[in-house]
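Novice: One predicted model, sequence on top.
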Amino acid sequence: MTLNTVLTLCLTLLVLGSSTGIQARISDPVDGPFQLSARSPIDEAFESVTSGNNRQDAAVDWQNQMPEGFQAKRNASYPWATTTFDDREVWVGTISQGWCVWPIQNLDYPFYLSTYQSKYTGCSPQSVLTSNSHIYIYNFETGTRELVNEQTLTSGGERFKKALQPHDEMSFFSIMGLRAAGTYKDLVFFAGHHLHKDGEGWIRLLVFNARERSFLGYRDIRGDTTRRFKALKDAEGNTGFYTIIGAETGMTQNGNGPTVMLRWVGTPEAPFTGGNYRETLDGEGAGWDVVSVPRLNHRFGMIGDFIQFTHIDGSERLIMSSAAHPLLYDPETGERDSNRNESVMLLSDKMPVGGWTPDNPMGFQTIFSMDRYDPDEKGRWGAKWGTASIHNNALYFGTYHQGTQAGHSHFKIADKKRYKQLTETRQKEQLFLQNQWRASSVFRIPLKQLEEMASGITEPELLYGYERFKVANEEGDWESRPNKMGVKPLFGKAGMGNPGNIYSWTSLSKDGRLFWGFFDAFSGVHDLLAEADSSRLLLYPGFSIPVPFWEYFRDTSPTHSLYNWVKAEMSNDGMLDEFVAGGDLIFFDRDGNPNSLTSNGFGNPCVNGIRNAEELNGRVYFATSTWCNLSDRAGLEFYEFKPELIRP
């Protein structure tokens, strides 16, 4: 045991218990300079994945009321949206059991194996679709956790209960995860996906008065997704509150949603009043103005992140990471729409005094694009830009790839004929999966060179990435081609040498360190392919049917093929000991060099990624995602960074 581990263990690890106290957990040492600060609560009494007796209720004290024959289940697996209030609280919006559908959706795991159970996870699509998203409030100083529901709110409880229900009697879904959160003065905003008919994407906006613990109401606006709410200050200190909604198909939307920046123009007493954005159920304003130029709309995909910084000329600007428009290629014909853009990084014009308004909208320019890096034209449009940060007067930005839903599925849309040619045998399909797979690449450019990068005079540094790509030619053969920047990665291969690190998920610059967190797509696959039982398919709670030869189908699945390929790649590179469950977190120091903080999810193998980072009272906390919902290692967690524990 290292000195660092001993010191960390001696800090006494804490997890949050009831809403009024804490419960110690000292059994599992934390990897790296961190202290475990909180975790999600038990929200279900679980008998088995095929049982009709499982009972979900986040308001029950299952710790002390677990029925005999049941076990604890923690469904709050992704801290999808976090925001801080009053420099002492973290408000968390969850998506339940996010991993349970990930292998089927993003690793081509067979749907008939989608019901599975192991010591660590019990998964079925039915359970995912009936699991509610929740909002929790954590205070790490007092060691308390609050569940936001109709009983705990001082007012608006009935309205909040209604806000979590389906849109109408014909709708199957309630809110499909709380995707974005933000704080403006005493108000906390959340946004959740809320599908309506015909695949039309809508966003349900919820607003709370955090100080009063009251719910002020909700409204539905048309839009596929939003990832951030931000309070932005102009050069004179005036503040406005903004979000950017964008076109996406990731939650089964049809991709026709708008991409626009919105500024909140409501009031604390009437948060959903006024504004010129009227794509609402009743055609009336919902408290938001469109404040971006028209050419952003219907040309660009979702904006994954937008960050404010002071440019070298003293102006306030935004960096925005835009995904390719989801309808860049026609899903029926495969024809490319020349009016829509691939994945790009955008730089806003100078923020005017008073902020952006309908009369003074936000303009922007493209400063970098995926087609300047990846030579695979038919597959690269599935690649997105992930997190971005300003650190030591430089812009850092990374890529984001949703497994087989990135290059693999997008290539099929763009060129069905060649896709069929490249996948006509099982051996060819396996090669196609490998060559279309992308781990996260990370780039850096000094702020003083942003305009040169925008004009193509200068390329950014490639910190982690691909020196060469495998690209299919017209004859259906694979060619090795250099990246289009013509540079070698400074610090190693994409994903830091681990092909599973496919998301640059979160980042934060603090005290000379730029923290950079990844998502590892294969953390839960170790368990899925070796331990999980998929021998029965759940049709509805309490009724399942056997799956004959399920082990054969598991072992011949694309998921298994990709897993073996990644294992072989890391073995060939001498990194087999890092092919383990657990997410990775690094930091770039003042000198710009990377340093590893943890490569195994802070010592918890259930952690598959570092989803969010928040700063409270000068201290940094990392919120994790997980592939586990069973065992005492399951559920999302928060870890505090302890710089004094960094080994020299």
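Specialist: Alright, I've got the coordinates.
Novice: going forward, measure contacts between C-alpha atoms and count neighbours the same way
Specialist: OK.
Novice: Give the closest residue to Gly517 in space, chain neighbours not counted.
Specialist: Leu585 (4.5 Å; Cα to Cα, 6 or more residues apart in numbering).
Novice: residues in contact with the one you found?
Specialist: Counting by Cα atoms under 8 Å, 6 or more residues apart in numbering, Leu585 touches 515-518, 596-599, 601, 610.
Novice: Find the pair from these with maximum spatial separation.
Specialist: Phe515 and Gly601 (14.4 Å; Cα to Cα).
Novice: The two: which has the busier surroundings?
Specialist: Higher neighbour count among Phe515 and Gly601: Gly601, with 28 against 24, using other Cα atoms under 10 Å.
Novice: Was I right to think that one contacts Asp584?
Specialist: Yes. Between Gly601 and Asp584 there is a contact under Cα atoms under 8 Å: 6.2 Å.
Novice: Give the intersection of the neighbour lists for those two.
Specialist: Common neighbours of Gly601 and Asp584 (Cα under 8 Å, 6+ apart) are 609-610.
Novice: Quick check: phi and psi on Leu129?
Specialist: Main-chain dihedrals, Leu129, degrees, to the nearest 10: phi -70, psi -20.
Novice: again, but for Tyr419
Specialist: phi -60, psi -50.
Novice: Then Ser133?
Specialist: Per degrees, to the nearest 10, the backbone of Ser133 is at phi -80, psi 150.
Novice: Now do it, the pLDDT please.
Specialist: At Ser133, the pLDDT value in this model is 90.
Novice: how near is it to Gln97?
Specialist: From Ser133 across to Gln97, the span is 10 Å (Cα to Cα, to the nearest Å).
Novice: where do the contact lists of the two overlap?
Specialist: Joint contacts of Ser133 and Gln97 (Cα under 8 Å, 6+ apart) are Ala76.
Novice: which of these two has more neighbours?
Specialist: The neighbour comparison of Ser133 against Gln97 (other Cα under 10 Å) goes to Gln97, with 30 against 22.
Novice: show me the contacts for that one.
Specialist: Here Gln97 is in contact with 75-78, 123, 128, 131, 627, 629 (Cα under 8 Å, 6+ apart).
Novice: How about the backbone phi and psi for Val128?
Specialist: phi -60, psi -50.
Novice: Distance of the closest residue to it other than its chain neighbours relative to Leu630?
Specialist: Spatial nearest neighbour of Val128, chain neighbours left out: Gln97 (6.0 Å); criterion: Cα to Cα, 6+ apart. Here the criterion is Cα to Cα. By it, Gln97 lies 11 Å from Leu630.
Novice: Please apply the same query to Leu262.
Specialist: 40 Å.
Novice: Kindly report the same for Arg536.
Specialist: 19 Å.
Novice: and what of Leu187?
Specialist: Leu187 is 34 Å from Leu630, by Cα to Cα.
Novice: What is the burial count for Asn593?
Specialist: 11.
Novice: residue contacts, it?
Specialist: So Asn593 contacts nothing (Cα under 8 Å, 6+ apart).
Novice: Report pLDDT for it.
Specialist: Asn593 carries a pLDDT value of 96.
Novice: Could you report the distance from it to His391?
Specialist: 12 Å.
Novice: Which phi and psi values does Gly199 adopt?
Specialist: The phi/psi pair for Gly199 (degrees, to the nearest 10) is phi 70, psi 10.
Novice: quick one: buried residues of stretch 117-127?
Specialist: 117-118, 120-125, 127 (16 or more other Cα atoms under 10 Å).
Novice: In strands, which of those appear?
Specialist: Counting by DSSP state E, the part of the buried residues of stretch 117-127 found in strands is 117, 122-123.
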